[in-house]
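Asks: need a 3D model of the sequence below.
(chains A and B, ligands or ions: 1)
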Amino acid sequence: MELELSPDQKLFQKSARGLLDREHSLDRVRALEDGDPRWSREWWRKGAELGWAASIVPEDLGGGSVSGAGVRDLALLAEELGAGLAPGPLLPVNVVLAGLVEAHGAGPDHTGEIEALVAGESVASWAVYEPGREWAPAAPGLTATPAPGGFVLDGVKDRVEDAGAADLLLVTAGTGEGVAQFLVPASAAGVSVAPQWSLDLTRSFGEVRFAGVEVTGDALVGAPGDERIIERQLQIAVVVQCAELCAVLDRAFAMTTQWAFDRYSFGRPLASYQALKHRFADMRTWLEACHGVTQGAAAAVQDRAPDAAELVSAAKSYVGDRAPVVLQDCVQLHGGIGVTWEHDLHLLLRRAVLDQALYGTPRDHRLRLADLASL
Amino acid sequence: MTESTIESVESFRLRARAWLAESMPRRADEDPPPMTDDDTADWERARELQRMLHAGGFAGICFPREYGGLGLTRAHQQAFTEESDGYEMPLVLNVPTFAICAATLLDEGSEEQKRERIGAAVRGEEVLCQFLSEPRGGSDLAGVTTRAERDGDGWVLNGAKTWSTSAYAADWGLCLARTDWDVPKHRGLTMFLVHTRAPGVTMNRIRMVNGVREFCEEFFDDVRLPASAVVGEVNGGWAVASRQMFHERNAVGGGSPYVSGRGHPRTVPKVTPLEVLRASGGSADPRIREMAGEYLAARAVEQATTDRVSRAIGTGVLPPAAASLLRLLHAEGAQLSDDLALAIAGANAATGTGAEPGAGGRAAIGYLMRQSASLGGGSTEMARNVISERMLGMPREPAPDHDVPFKQVRRGR
Ligand SMILES: Cc1cc2nc3c(=O)[nH]c(=O)nc-3n(C[C@H](O)[C@H](O)[C@H](O)COP(=O)(O)OP(=O)(O)OC[C@H]3O[C@@H](n4cnc5c(N)ncnc54)[C@H](O)[C@@H]3O)c2cc1C
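Replies: Numbers count the residues shown, from 1 in each chain, chains lettered A, B, ... in the order given. Next comes the predicted model:
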């Protein structure tokens, strides 16, 4: 992350780490069974008190960031939680907030929902993927048909993070005027959620069916056809993912470096073999590059720089591709112990593979880069 | 000069923008021109452009004022570099003259060397080069066998150097020589400033696989050097060379504050994957579009990482050895670029457009030179040693020559 943090940022970081250490050990993660709740409302509310859902929300909507650069603070937090493989809806809540804040003033008013999310009283998630389809946020199959006083939603979303725990779903839907987003209570008539298997033991996902779900026009977020809001949500999602991945890599690399000093073979530490030293040097370089591009992307999104979209996709393409490579190398350098359930490495690898896959694969983002460059 | 009297970056940028528009010629085209054996005119042009920068008050932005520079910050240089996009710039002078040689002199040279050599380079009067590598080995730099022996007040130089980039166009070279054979290798070295046309210096140009004749080899036969030619301390040459290698890694990695302007000089004929793609009229093939995206991502990663690491080295958050991270990343990026250009060229890499190589052929020639990015500026293997040993603290490679007088060290078969 940032190589130099302000005292406020350090405090922010430390408070997150404290909560994580107290309530969420990796041993607990390893012991989770299918169906066990990953996190509690209480845990998320405590996090919200520490500002976990506030940094990208302006102060007049109940938010606020410690450094004044909220996207960078969010990335800092994502690193901290990523290193600890934290559960909880950091990404989904902040992505929904990014959309609501972006749309604020340009459509129906969602101030109340924003405030409840910032306070941790409410949880929201972005319902954007559809079964059997890759990343295509602007071309949903789910439809919103105009009806008296509002719309009727029909269709299926999946890979909705924390769908089972969410109070609100931000749903992308096709309308005659282009893609539109609706904020729908999960308790609305016609909404049903089925849990999905998740690779990452700390994360839960669900498939959500919308069968003739009636919403009023007030459920709209921004105006139909306004893809800038979706772009902002994607940018925030990718910054959070990449920051998480950087931290996951740092942790795996630190574990593996320590291992190289501690483990002896043929009478000398692994760290003394050039063939291995060179692999560590490569990994160290890739880590720095992952941090470099993630930090660059966070700063560009923060500043709304003209190249923000490009940097975000560069980050996802690079970090998403490098993360599994580094982690697999860490497993290899651990030897047999690296492929056991008892070891922590697979927990990190799970998170990395999951983050790589969602919100556009590295390949999707490379194609987006070509589009952005008008090639 | 105190902080408060330094011109703000924004005001400097605006002044540079106006001056460039009025005084510097626009760059003719993006396309690298055909390679020629005789590039004397290019070098003359570079010196002329540098003289123009100097006359306009925009030369040597990060060099101190007492040595002919402007004494400004990296941010000022960056602003100027951004503004100078699209103008002709003396890019060949960036590496090794400014980023490596002048930077090393600034750190290690005598007052006189700094005033004279850096000053002359900034004014566009002189070009510098590096005489480090020798025919018997470049990685083991402390093992050089070119020798300098005392001769009254001065020295007599004998030996051979090789792979020296653009030495044919240079006036002075930083030459590492052995001055004491009775001590272990690092302690018997001295760095000298040698005039490239001094009596006793013979220079040949070496043709590289891409047809360019940028490399040189030099033979020194009883070249006489005054005492003032010594850079740093006698037998303290390793400290100077280490600093020089730091600047070189930094320069190769794109982290030097002493370069002005962006892009490759004409002497480095590179074709990018995007140029190959455009030459074929674009592509709807997602495989090819993805490759272009991969190149764009790598470019953005390299830029962002260079910014981060240079800042961190500047503030001491990372040690100078971290320049090796940039060096390694740059080699990876450059090789990826060559690989992608070749892949995008597809079958067009095999033959030219008529008698000319065309974009596809140029991609293929670039591919022949692929390893230059991981050899020039010290090999990536050496960079990996630096990272693992000096950043990660891993045990050093065993070296049987370490505490042995150099004359007893085994050197080749
Ligand atoms: C484009 C370019 C520009 C250059 N410009 C200059 C210049 O201006 N001035 C100058 O003096 N030199 C210059 N060089 C030379 C360059 O510095 C050397 O090529 C480089 O240092 C490697 O030395 P070598 O070629 O002698 O290879 P060697 O040292 O013989 O090495 C051969 C191979 O063995 C590997 N190797 C060697 N030792 C080790 C070790 N301890 N551990 C692991 N692997 C090892 C190397 O990495 C390399 O792959 C340039 C080279 C290039 C390609």
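
Asks: now stretch A:198-210: buried residues?
Replies: By 16 or more other Cβ atoms under 10 Å in any protein chain shown, the buried positions in stretch A:198-210 come out as A:198, A:200-210. Heads up, the C-betas are built off the backbone N, CA and C, glycines and all.

Asks: out of the residues you listed, which are inside strands?
Replies: Using DSSP state E, the members of the buried residues of stretch A:198-210 that fall in strands are A:205-210.

Asks: which among the residues you listed gets closest to residue B:212?
Replies: For these, the minimum distance to residue B:212 (Cβ to Cβ) is 55.5 Å, reached by residue A:205.

Asks: count the neighbours of the closest residue to that closest one other than its chain neighbours for me.
Replies: Ranked by Cβ to Cβ, 6 or more residues apart in numbering or on different chains and with sequence neighbours excluded, the top spatial neighbour of residue A:205 is residue A:196, at 4.4 Å. Residues near residue A:196, counting by other Cβ atoms under 10 Å in any protein chain shown, number 16.

Asks: ok, back up a step: any chance of the ones in strands among the buried residues of stretch A:198-210 in TSV, with pLDDT too?
Replies: TSV is the format used below for these (pLDDT from 0 to 100):
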residue	pLDDT
A:205	97
A:206	97
A:207	98
A:208	98
A:209	98
A:210	98
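
Asks: look at the residue sitting nearest the centre point of chain A and report its pLDDT.
Replies: For chain A, the residue nearest the mean C-alpha position is residue A:91 (3.8 Å; Cα atoms, centre = their mean). Residue A:91 is assigned a predicted lDDT (pLDDT) of 98.

Asks: mind giving me the packing neighbours of the helix or strand harbouring it?
Replies: Taking DSSP states H and E as the criterion, residue A:91 maps to helix A:90-103. Contacts defined by 3 or more Cβ pairs under 8 Å, 6 or more residues apart in numbering or on different chains; DSSP states H and E place helix A:90-103 against helix A:70-83, helix A:111-118, strand A:124-127, strand A:168-175, strand A:178-185, strand A:220-221, helix A:227-262.

Asks: dihedrals phi and psi, the spatially closest residue to residue A:141 that is not a sequence neighbour?
Replies: The shortest distance from residue A:141 to any non-neighbouring residue, by Cβ to Cβ, 6+ apart, is to residue A:130 (5.3 Å). For residue A:130, the backbone dihedrals (degrees, to the nearest 10) come out as phi -130, psi 150.

Asks: one more: residue B:353?
Replies: According to degrees, to the nearest 10, residue B:353 has phi -90, psi 100.

Asks: is it in contact with residue B:361, as I believe?
Replies: Yes. The criterion here is Cβ atoms under 8 Å, and residue B:353 meets it with residue B:361 at 7.3 Å.

Asks: how many residues are close by the residue of the stretch 101-250 of chain B found nearest chain A?
Replies: Among the residues of the stretch 101-250 of chain B, residue B:249 lies closest to chain A, at 12.1 Å counting by Cβ to the nearest Cβ. Residue B:249 has 27 neighbours, counted by other Cβ under 10 Å.

Asks: circling back: out of the buried residues of stretch A:198-210, which is nearest to residue B:190?
Replies: Taking these together and measuring to residue B:190 by Cβ to Cβ, the closest member is residue A:200, at 59.2 Å.

Asks: pLDDT score assigned to that closest one?
Replies: 94.

Asks: now swap in the one 4 residues further on and tell me
Replies: Here the pLDDT value assigned to residue A:204 is 94.

Asks: ramachandran angles for the nearest residue to it once chain neighbours are set aside?
Replies: Leaving aside its chain neighbours, residue A:204 sits nearest to residue A:38 (5.2 Å; criterion: Cβ to Cβ, 6+ apart). Torsion angles at residue A:38 (phi, psi; degrees, to the nearest 10) stand at phi -80, psi -30.

Asks: I figured residue A:38 hits residue A:87, correct?
Replies: Yes. Counting by Cβ under 8 Å, residue A:38 does reach residue A:87; the two are 4.1 Å apart.

Asks: give me the neighbour count for the closest residue in space to residue A:19 that isn't next to it in sequence.
Replies: Using Cβ to Cβ, 6+ apart and skipping residues adjacent in sequence, the residue nearest residue A:19 is residue A:46, 5.9 Å away. Using other Cβ under 10 Å, residue A:46 is surrounded by 17 other residues.

Asks: check which helix or strand covers residue A:46.
Replies: Using DSSP H and E, residue A:46 falls in helix A:41-49.

Asks: thinking again about what came up before, can you give me the distance of the residue nearest to residue A:204 to the ligand?
Replies: Noted for residue A:38: a distance of 47 Å to the ligand, by Cβ to the nearest ligand atom, to the nearest Å.

Asks: also residue B:78?
Replies: Separation of residue B:78 from the ligand (Cβ to the nearest ligand atom): 25 Å.

Asks: and that residue, which of the three is it?
Replies: Put simply, residue B:78 is helix when judged by DSSP: H, G, I helix; E, B strand; the rest coil.

Asks: look at it and report its pLDDT.
Replies: Reported pLDDT for residue B:78: 93.

Asks: what sits against residue 62?
Replies: All of this is about chain A. Residue A:62 is in contact with A:54, A:114-115, A:118-119, counting by Cβ atoms under 8 Å, 6 or more residues apart in numbering or on different chains.

Asks: I was after chain B.
Replies: So residue B:62 contacts B:69-70, B:72-74, B:76-77, B:257-258 (Cβ under 8 Å, 6+ apart).
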